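>>> Got a predicted structure plus its sequence, pasted below:
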Amino acid sequence: MSKLATENIRNVALVGHNGTGKTTLTEALLFDAGAIRKKGSVAEKNTVSDFDPDEKERGHSIETAITHFDFQGKRVNLLDCPGLPDFAASAEEGMVACETVLIAVSGVNGVEVMTRKLWGMATALEKPKMFVITKMDHDRARFEEVLEQLREVFGKPVAPLFLPIGSGSSFKGVVNVLEDIHDCPPELLEQANALHASLLETAVSADEKIMERYLADEKISHEEIAACFTKGILAGLVVPVMCVSAEKDIGIKELLTVLVEEAPSPLQEPLHLKRKLSDGKKEEERIIEPKTDGPLYAQVFKSKRDSFVGKLSYVRVYSGSAPANTSVHVSNALKPEKIAHFLEIQGKEHKEKDHVVCGDIVALGKHDTMNFSETITTDDGGWQIPRIPMPVPMQALAIQAKNRNDEAKVGQRLRLLAESDPTFIVEVESQTHELVIRGMGQLHLELMLHRLKAQHLDVVTHPPKIPYRSTVGGSAEIAYTHKKQSGGAGQYGKVQLKLEPNLGNGFEFVDEIVGGVIPRQFIPSCEKGVLQKMGEGVWPGIPVVDVRVRLNDGKSHDVDSKDIAFQIASREAFKEAFEKARPQLTEPICNLEVVVPGEYMGDITGHLSSKRGRILGMDQLGDLQVVKAQIPASEVQNYSAELKAITGGEGFYSLEFSHYDIVPPNIANPVIAAAKSRQLKEAEV
């Protein structure tokens, strides 16, 4: 099926809390559709989607795996996404590439922390959603209770599409209540009829003309009902709930049928494009309908390095079509590139494909410019697909090689890891000069360190130094003269600076010179000297920010005035003014959002208050509580472990930089003293 029509493609992201059986369900779907000859298992470490050595070793998914199967003349690209909070960004990559998000919920455990988080992510991406309740063969499976939980947390649109026949060891089948239900067991018939009528009304309400025919008691065909139901899913009028046992292969064929008949096709998701206008500041937008003809528009939603193939860029085609050996424009590249061939993905297996159409999900090999979120197009008009939003990683570690000879190798390997993971950041802090890695949580960073060790690169880690800044709380005016005579041409420059606070507005340099007391060619020299001192910091290693500097007077010499003289004069004037203008230490403040079960609410708020956190508000999310706070970055360097200890692993959080704010004196004084001590030691050396 190498040249499928777009209307026959279904792209489905399978997401859910860790341990809901997503990988086992993927195996069952692939097996029942005939895509694999034998089902693998997580325990035996032979599944199609958990093929990475780290996934096999740890027994859970780490990255989104791409699989596919054909069923009833349709192609389903099924993306098996990880369910741990540290790898939620990988699940978001999978959701971005698909029209449908299928959320797995354990029939034993019900709605869990990541169920809510993933629902929120799918909603933010405006993706249609479905639920599948797994593990229905388990002795403690409880369909009705889990269904009620789903309705309570996610609202009225949640509606059962399947009814289980039996439960636990007696679970033997499912009834699709939207289909012909006359063959269902007598004990379910009344409930099935009621649900059938309700779902049918919901479905036809999505199409006005069909609704009129329905109310007039006209017969509505199966195909028309399925099309209406799809519209209802797209509009959020209904979120269907199915139930299965992947282990015992019950409900799998029925789920396959729903995916190919009722899940939306790529033709039902319009494509938004942007491009910068000629001034480079404003943007122009347009919306095009997904179609097979016209220019190719595709986007890299994931990239990684394969030990055999090299770099692989996983691409979703949103519009157009293209054969192999097509030249394309990549949004960050200076010149067109030729795509020699496309790769069809089945877990770790790659098969060449000679043509892609709108809706396809494929991989491209060995293209260094095709990085995460880049647009690939045959259109040279500059139009791009908006970049994929990713959370900002805030969990950080400073890192250095145990063996100095390995420093370059460690840096190179870390950057290769970062290339495959947009939420893994590697940077050298300009202020502290530390090599720092940032990730989504402790588990995320542990994985990256494990991958370093697998390359025989040993490192030591410690919490990174906090990137403090300094500013002023008052004003001061200083005149300073730099004069140097050492035989021959001398140096002379006099400046008068007024330093003022400019909190939250960065650096501002104001030229107030009148009468040419400082020649115009030396004004930039004065600003350059100020900026140099701000970068170094008056307190060594602590840059100055958020100040306004007014250059309001000075003096020059016809022979001895030169660029370096005014730079030095400005540096020294700024230093003296800073020391007289009530200098203050500032620190990074983060926005923190913590989601926990209600019973931990008091513990969390008390813990945050003890760490100088300021509670901004609280929300409710079903039976979970959401605490929003602002807190200094220095207080949450180990928050992942602390939250786990408080909640027993039932809480999760997000963290992002907000602003810089003044540090209390009891914390600021030791930091300033340490900076001055370093300065003295360096001077002695």
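Good, I have the coordinates. This structure is a prediction, so every number in the text was calculated from the model and none was measured.
>>> Now do the same contact list for D207.
Counting by Cβ atoms under 8 Å, 6 or more residues apart in numbering, D207 touches A227, C228, K231. For the C-beta atoms, the positions are set from N, CA and C on the backbone; glycine is no exception.
>>> switch the cut-off to 7 Å
When the contact criterion is Cβ atoms under 7 Å, 6 or more residues apart in numbering, the partners of D207 are C228, K231.
>>> Check P266 too.
P266 makes contacts with T6, I9, N11, E99, P290, C358, G359, as judged by Cβ under 7 Å, 6+ apart.
>>> which non-adjacent residue is nearest it?
Of all residues beyond its chain neighbours, the one nearest P266 is G359 (3.3 Å), with distances taken as Cβ to Cβ, 6 or more residues apart in numbering.
>>> Which parts of the stretch 51-200 of the chain are helices?
When secondary structure is read from DSSP state H, counting those that start in this stretch, the stretch 51-200 of the chain shows helices at 53-58, 88-96, 113-124, 143-154, 186-204.
>>> Which positions within the longest one qualify as buried?
Just to be clear, that refers to helix 186-204. Neighbour counts over helix 186-204 (16 or more other Cβ atoms under 10 Å) mark L188, A192, L195, H196, L199, L200, T202, A203, V204 as buried.
>>> and which of these is nearest E536?
Each of those was checked against E536 using Cβ to Cβ; the closest is T202, at 66.4 Å.
>>> can you pull the contacts of the closest one?
Residues in contact with T202, defined by Cβ under 7 Å, 6+ apart, are A159, G232, L237, V238.
>>> Tell me how many other residues crowd L234.
Counted by other Cβ atoms under 10 Å, the residues lying close to L234 total 19.
>>> can you tell me the helix or strand for it?
Secondary-structure assignment from DSSP states H and E places L234 in helix 222-235.
>>> And H482, by the same measure?
Secondary structure from DSSP H and E places H482 in strand 476-484.
>>> List the strands paired with that strand, with their directions.
Applying DSSP bridges to the sheet, strand 476-484 is found paired with strand 491-501 (antiparallel).
>>> any idea how far the partner strand is from the chain center?
Mean C-alpha position of strand 491-501 versus that of the full chain (Cα atoms, centre = their mean, to the nearest Å) differs by 46 Å.
>>> Kindly report the same for stretch 88-103.
11 Å.
>>> low-scoring stretches of the stretch 501-650 of the chain, by residue?
Scanning the stretch 501-650 of the chain with the threshold set as pLDDT under 70 gives 621-623.
>>> which stretches of it form helices?
Taking DSSP H, counting those that start in this stretch as the test, the helices found in the stretch 501-650 of the chain are 523-536, 563-580, 601-610, 639-647.
>>> so of those helices, which one's packed in deepest?
Among the helices of the stretch 501-650 of the chain, ranked by average contacts under mean count of other Cβ atoms under 10 Å, first place goes to helix 563-580 (a mean of 22).
>>> Out of the helices of the stretch 51-200 of the chain, point me to the one whose mean pLDDT is lowest.
Set side by side, those differ in mean pLDDT, and helix 53-58 is lowest with a mean of 84.
>>> out of the buried residues of helix 186-204, what pair is the most spread apart?
L188 and V204 (23.3 Å).
>>> so who does G168 touch?
When contacts are counted by Cβ under 7 Å, 6+ apart, G168 touches D137, H138, D139, A141.
>>> What residue spans form the domains of this structure?
8-178+238-268, 271-276+289-377, 395-465, 470-581, 586-666 (automatic domain parsing).
>>> What's the end-to-end length of the longest one?
Yep, that's domain 8-178+238-268 we're talking about. Counting by Cα to Cα, to the nearest Å, the length from the leading to the trailing residue of domain 8-178+238-268 is 12 Å.
>>> what's the answer for the last one, then?
The first and last residues of domain 586-666 sit 13 Å apart, counting by Cα to Cα.
>>> can you redo the buried residues of helix 186-204 as CSV with distance to V260?
Below are those laid out as CSV (distance: Cβ to Cβ, whole Å):
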residue, distance to V260
L188, 25
A192, 22
L195, 22
H196, 21
L199, 18
L200, 20
T202, 21
A203, 17
V204, 21
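>>> Report whether the expected contact of H60 with D86 is present.
No: contact criterion Cβ atoms under 7 Å: H60 and D86 do not qualify, at 10.6 Å.
>>> For those two, work out which one has more neighbours and name it.
Set H60 next to D86 and count neighbours by other Cβ under 10 Å: D86 wins out with 23 against 18.
>>> quick one: that one from H444, how far?
Taking Cβ to Cβ, to the nearest Å as the measure, D86 and H444 are separated by 4 Å.
>>> cool, C184 as well?
When distance is defined by Cβ to Cβ, C184 is 46 Å away from H444.
>>> quick one: which of the two has more around it?
Neighbour totals were compared for C184 and H444, and H444 leads with 25 against 21 (other Cβ under 10 Å).
>>> ok, that one - contacts?
H444 sits next to D86, F87, Q395 when contact means Cβ under 7 Å, 6+ apart.
>>> if we go to 8 Å?
D86, F87, P393, Q395, T423, F424 are the contacts of H444 under Cβ under 8 Å, 6+ apart.
>>> of all the residues you listed, which comes closest to I631?
Nearest to I631 among the contacts of H444: Q395, at 14.1 Å, using Cβ to Cβ.
>>> Let's check: the centremost residue of this structure is which one?
In the chain, the C-alpha nearest the mean C-alpha coordinate belongs to M390, at 2.5 Å (Cα atoms, centre = their mean).
>>> Can you read off the pLDDT for that residue?
On pLDDT, M390 comes in at 86.
>>> ok, it to P422 distance?
M390 sits 5 Å away from P422 when distances are taken as Cβ to Cβ.
>>> now do A194
47 Å.
>>> Spell out the residue ranges of the helices in the stretch 251-400 of the chain.
When assigned using DSSP H, counting those that start in this stretch, the helices of the stretch 251-400 of the chain occupy the ranges 252-261.
>>> Please name the residues that touch the nearest residue to C184 once chain neighbours are set aside.
Spatial nearest neighbour of C184, excluding adjacent residues (Cβ to Cβ, 6+ apart): V175 at 4.2 Å. When the contact criterion is Cβ under 8 Å, 6+ apart, the partners of V175 are F162, L163, I165, I181, C184, P185, L188, A192.
>>> So the fifth one sits against L163, correct?
Right, C184. Yes: here C184 reaches L163: they are 7.3 Å apart, a contact under Cβ atoms under 8 Å.
>>> Quickly list what's touching both of those two.
Between them, C184 and L163 have V175, A192 as joint contacts when contacts are counted by Cβ under 8 Å, 6+ apart.
>>> if we can go back for a sec, put the buried members of the contacts of G168 into a PyMOL selection.
Here the buried members of the contacts of G168 are turned into a PyMOL selection, burial being counted by 16+ other Cβ under 10 Å:
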select buried, resi 137+138+141
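>>> which pair in the contacts of G168 spans the largest distance?
D137 and D139 (8.5 Å).
>>> Looking at the helices of the stretch 51-200 of the chain, which is nearest to Q532?
When those are compared by Cβ to Cβ, helix 88-96 sits nearest Q532, at 38.7 Å.
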